[in-house]
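Participant: structural data only, the sequence is not supplied:
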């Protein structure tokens with residue numbers, strides 16, 4: 001791949017796991033900012049960092065549902081002792097994105 005852009009769906013720092021207990025009232029504002037980023041950058045795929053990010057992206061960006069794989073969040077890796085498989089998980093997702101050169105954008 002030629003380039004990548006790393007960004008957050010929710011742009012405000014919060015407590016770990018705080019989004020799991022419910023979305024903050026300003027979430028729509030952050031979602032709008034994220035959508036603006038995606039319109040400007042026109043990515044072919046969004047890769048979610050963890051299950052929660054993937055779920056929130058799929059729920060809130062239905063037009064991207066088919067284009068949102070996830071990689072393991074590093075806190076999950078440490079929590080369940082998957083450090084030895086972390087690099088493999090990253091390589092699998094990146095390899096799956098190599099077909100993006102011929103994949104149409106949503």
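Facilitator: Received the coordinates, thanks. Being a predicted model, the structure only gives us computed values, none of them experimental.
Participant: quick one: contacts for the residue nearest to residue 56 when sequence neighbours are not counted?
Facilitator: Once flanking residues are discounted, residue 56 sits nearest to residue 9: 6.0 Å by C-beta to C-beta, 6 or more residues apart in numbering. No exception for glycine: its C-beta is placed from N, CA and C like everyone else's. Listed by C-beta atoms under 8 Å, 6 or more residues apart in numbering, the contact set of residue 9 reads 30, 31, 34, 53, 56, 57, 60.
Participant: buried set for the helix or strand encompassing the second one?
Facilitator: Right, residue 31. Per DSSP states H and E, residue 31 falls inside helix 27-41. Residues 27, 30, 31, 34, 38 are the ones in helix 27-41 that count as buried (16 or more other C-beta atoms under 10 Å).
Participant: what two of these are the furthest from one another?
Facilitator: Farthest apart among those by C-beta to C-beta are 27 and 38. That separation is 16.2 Å.
Participant: before we move on, the earlier item: which one of the buried residues of helix 27-41 is nearest residue 45?
Facilitator: residue 38 (10.9 Å).
Participant: mind checking how far that closest one is from residue 20?
Facilitator: 24 Å (C-beta to C-beta, to the nearest Å).
Participant: picking up where we left off before, quick check: mean pLDDT of the helix holding residue 31?
Facilitator: Helix 27-41 shows an average pLDDT of 90 in the prediction.
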